[in-house]
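>>> make a model of this:
(one chain, ligands or ions: 1)
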Amino acid sequence: MAKPASPECCIACLSRPTGTAEAFFTEEHIIPRALGGELTWYALCKQCNDRFGHTFEKRAKTDPAIRLAIHKLRNVLPDLFGDIEEGQPYIVESGGKRLPAMFRGGEIRALTRTVDGDLWAAPDQAEAAVGGKLKRAGLSADEIDAAWTRYSEGPESTPIELGAGLHAASHPTRLVGPDLGKGETLGKLVALKIAYEFAALHFGAVMLDDTPPLNEIRRALREGDETSPVFQVEYKMTTDRKTEAFHGIAFEGNLPHAVMQVRLFGLLAYRVRFPTLRIEHKPFGLHQDLCTGDQVTAYRDN
Ligand SMILES: [Zn+2]
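Below you'll find the predicted structure:
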């Protein structure tokens, strides 16, 4: 795909370059890069791009629906799976307790935490965690070594006396799964951002008019205001489809006002309605294959 030319002004705040366009515009991924989006455009000022990066990009990958989708595609898209899951929370089970864990560098690692008054540590951190506790309890280095030997050589799942009234047991750990409870649902704002930027890219200056409805869309985006009446987002996880390795963005036409659709991983569909906007253009869509990176724009007849 040829690189699209930059607009006259930042598409989010309408500020204009004072120097060269190259110095002013920063590269923006219309579908967040964190989700594998490859369509880019130099169309945001640095301030807007930084703000979007810190909000939309960060939020999008914690969305439980996104995480479930990439889990289903992990064998097809292993690199994107690793990128999305890096640093995300998981749950493991050990000694009858559910414990927090984290995906790091391709592995799920239990986190050292105090749960119900007991200190739980991953096997590779257990010696340091136990040693620290015993040291604070006043044991000498030799006593700590002896306690650690008793612990390491003792039977599994059995409390071993370490000294100073402290006990420790080693338990096998079992993966429960990703911890989806902490994720934010992909805000309406992420879908709005993708739809608006795609419309600005394809429809050009008409989307950048300094008019109250368009200014309100941009304000909602910049300020993260999900309640603005200038857009509505309907989310549906289509049940007749399965996860597939593609993203799509489409302009569906005026029904009777402009409607865009954002589809992520083939399955997650967000319909973005703009009740104050009509765009005179035929419906069309962009399809990005997540395996090959190929992007195809297709038009359809009304
Ligand atoms: Zn800006």
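>>> so who does the residue in the stretch 51-200 of the chain positioned nearest to the ion touch?
Closest to the ion within the stretch 51-200 of the chain is R51: 8.4 Å, counting by CB to the ion. In short, each C-beta sits where N, CA and C put it, glycine included. Listed by CB atoms under 8 Å, 6 or more residues apart in numbering, the contact set of R51 reads R222.
>>> tell me the pLDDT at I66?
With respect to pLDDT, I66 scores 91.
>>> quick check: the residue nearest to G105 when sequence neighbours are not counted vs F231, distance?
Of all residues not flanking G105 in the chain, E86 sits nearest, at 7.6 Å (CB to CB, 6 or more residues apart in numbering). Distance, E86 to F231, using CB to CB, to the nearest Å: 31 Å.
>>> also A168?
Applying CB to CB, the value for A168 to F231 is 55 Å.
>>> the two: which is more packed in?
Between A168 and F231, counting by other CB atoms under 10 Å, F231 is the more crowded of the two (26 against 21).
>>> buried set for the helix or strand hosting the residue of the stretch 51-200 of the chain closest to the ion?
Here R51 is covered by helix 46-52, with elements defined by DSSP states H and E. Across helix 46-52, burial judged by 16 or more other CB atoms under 10 Å covers C48, N49, R51, F52.
>>> check contacts around the second one.
Right, N49. N49 is in contact with T26, E27, E28, counting by CB under 8 Å, 6+ apart.
>>> ok now stretch 86-95, how far from the chain's centre?
Averaging C-alpha positions (CA atoms, centre = their mean, to the nearest Å) puts stretch 86-95 18 Å from its chain's average.
>>> how about A169, phi and psi?
phi -140, psi 150 (degrees, to the nearest 10).
>>> name the SS class of the closest residue to the ion within the stretch 151-300 of the chain, please.
Residue nearest to the ion within the stretch 151-300 of the chain (CB to the ion): R222, separated by 7.7 Å. Of the three states, R222 takes helix under DSSP: H, G, I helix; E, B strand; the rest coil.
>>> do I have it right that D210 meets L14?
Yes. Between D210 and L14 there is a contact under CB atoms under 8 Å: 6.5 Å.
>>> neighbour count: the two, which is higher?
Taking other CB under 10 Å, D210 and L14 do not tie; L14 has more neighbours (16 against 9).
>>> and the pLDDT for that one?
So, for L14, pLDDT stands at 97.
>>> doesn't it lie inside a helix?
No. Counting by three-state DSSP, one finds L14 to be coil, located in no helix.
>>> so the chain: which segments form each domain?
89-178, 185-299 (automatic domain parsing).
>>> in a markdown table: the ones you listed, plus distance to A34 and mean pLDDT.
Below are these laid out as a markdown table (distance: least, CB to CB, whole Å; pLDDT from 0 to 100):
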| stretch | distance to A34 | mean pLDDT |
| --- | --- | --- |
| domain 89-178 | 14 | 91 |
| domain 185-299 | 10 | 92 |
